[in-house]
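Colleague: please work out how this folds:
(chains A and B)
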Amino acid sequence: EPEVTQTPSHQVTQMGQEVILRCVPISNHLYFYWYRQILGQKVEFLVSFYNNEISEKSEIFDDQFSVERPDGSNFTLKIRSTKLEDSAMYFCASRGGYQVSDTQYFGPGTRLTVL
Amino acid sequence: AQKVTQAQTEISVVEKEDVTLDCVYETRDTTYYLFWYKQPPSGELVFLIRRNSFDEQNEISGRYSWNFQKSTSSFNFTITASQVVDSAVYFCAAYGGSQGNLIFGKGTKLSVKP
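Modeller: Residues are numbered from 1 along each chain as shown, chains lettered A, B, ... in the order given. The predicted structure follows:
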């Protein structure tokens, strides 16, 4: 069964460093998302991406964040200068259909720890 | 603005008990979709079910069942004869934007003890 994959599973970085979180969405999917979950809290939307551009973003997704689909398979989230409060689990999701109501499938997450 | 409310923060049951997790969705939209996801201790988010606002039929999948009532905007999830493997955080979610981004509730942590 096709699934969303994410690497690494755990990333530890020093405050101020840049990190890139990687995702491989399900191969025939067209819409991609990043979400964040601070430990013990709810899952929060960061950004959606379609047709090689951002289609929607939340207030959390400020100038230190960027997304890219550098090739036909990867979808990346870059945090330019990490802060302590960026420590969280980051989930990538994808959906295949054109209907916004189609199901999003999530990857296993990357746990980011900023020291 | 849309809001997903899961009033139960934590529930603890003994194996084989039935348990119901509550979810209420506040919106002015007449058409919407609701979801349940399971987050086991390993951390991933597992899709369980999607339901649209026009379909008020209950749905059953094995030990899982869902009851949607549009009049109260509630989408409750029942686990029958719970098992230890059901221990997880369960999130209710709904679409919050034009591009399909999901709004999640705060989750209900279910602990099933042997």
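
Colleague: what ranges do the helices span in chain B?
Modeller: For chain B, no helices are identified by DSSP state H.

Colleague: around chain A, pick out the residues from it.
Modeller: B:33, B:35, B:37, B:42-47, B:50, B:52, B:91, B:93, B:95-107 (Cβ under 8 Å from any Cβ of the partner chain). (C-beta placed from N, C-alpha, C; glycine too.)

Colleague: let's see 6 Å
Modeller: Applying Cβ under 6 Å from any Cβ of the partner chain, one finds that chain B approaches chain A through B:33, B:43-45, B:47, B:50, B:97, B:99-101, B:104, B:106-107.

Colleague: which one of those has the most neighbours?
Modeller: The residue in those with the most neighbours, by other Cβ atoms under 10 Å in any protein chain shown, is B:L45 (27 neighbours).

Colleague: how much space between that one and B:N67?
Modeller: Applying Cβ to Cβ, to the nearest Å, the value for B:L45 to B:N67 is 22 Å.

Colleague: also B:V24?
Modeller: 12 Å.

Colleague: any stretches of chain A with poor pLDDT?
Modeller: A:100 (pLDDT under 70).

Colleague: quick one: the strands in it?
Modeller: A:5-7, A:10-13, A:19-24, A:31-37, A:43-50, A:53-57, A:65-68, A:75-79, A:88-95, A:105-106, A:110-114 (DSSP state E).

Colleague: can you point out the buried residues in the third one?
Modeller: Just to be clear, that refers to strand A:19-24. A:19, A:21-24 (16 or more other Cβ atoms under 10 Å in any protein chain shown).

Colleague: tabulate the strands of chain A (TSV), appending distance to chain B.
Modeller: As requested, these are arranged in TSV below (distance: least, Cβ to the nearest Cβ, whole Å):
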stretch	distance to chain B
strand A:5-7	9
strand A:10-13	10
strand A:19-24	13
strand A:31-37	6
strand A:43-50	4
strand A:53-57	4
strand A:65-68	13
strand A:75-79	15
strand A:88-95	6
strand A:105-106	4
strand A:110-114	7
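
Colleague: tell me which of these lies nearest to B:A7.
Modeller: With Cβ to Cβ as the measure, strand A:43-50 is the member of the strands of chain A nearest B:A7 (17.7 Å).

Colleague: just checking, what packs against the closest one?
Modeller: Applying 3 or more Cβ pairs under 6 Å, 6 or more residues apart in numbering or on different chains; DSSP states H and E, one finds that strand A:43-50 contacts strand A:31-37, strand A:53-57.
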